[in-house]
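# Quick one, what's the 3D model for this:
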Amino acid sequence: MTKRQSASQSSGTTEEYKFVEHGPWITTGGKQWCFSCGHVALNNDISRWATKVGCYFREHPSFKSKLKKAGGK
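This is a model prediction of the structure:
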């Protein structure tokens, strides 16, 4: 059992990543964004990665490491 699984079991929540494709894409002010999750498609590494991974990119196992590498929280 990984730390993530044991932490989610102890807190009573299960955060399993599930791929759901982004869409429909809407363009506002020159930027595309996903109507389903609100993700804005920017021209940077974390945004391109999140676009490939799908609507539940925040639950992806490598989200925190990608965000930290990109200079986020």
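
# ok, now how distant is the spatially most central residue of the chain from Phe63?
Centroid check for the chain by CA atoms, centre = their mean gives Phe57 as the closest residue, at 1.8 Å. According to CB to CB, to the nearest Å, Phe57 stands 6 Å off from Phe63. Every residue, glycine included, has its C-beta placed from N, CA and C.

# and what of Phe35?
Plainly put, Phe35 is 21 Å away from Phe63 if you go by CB to CB.

# and these two? which has more neighbours close in?
Phe63 (18 against 11; other CB atoms under 10 Å).

# Next one: that one relative to Leu42, how far apart?
Relative to Leu42, and taking CB to CB, Phe63 is found at 16 Å.

# mind listing what Arg48 touches?
By CB atoms under 8 Å, 6 or more residues apart in numbering, the contact list for Arg48 is empty.

# could you redo the last one with a cut-off of 10 Å?
The contact partners of Arg48, by CB atoms under 10 Å, 6 or more residues apart in numbering, come to Ala41, Leu42.
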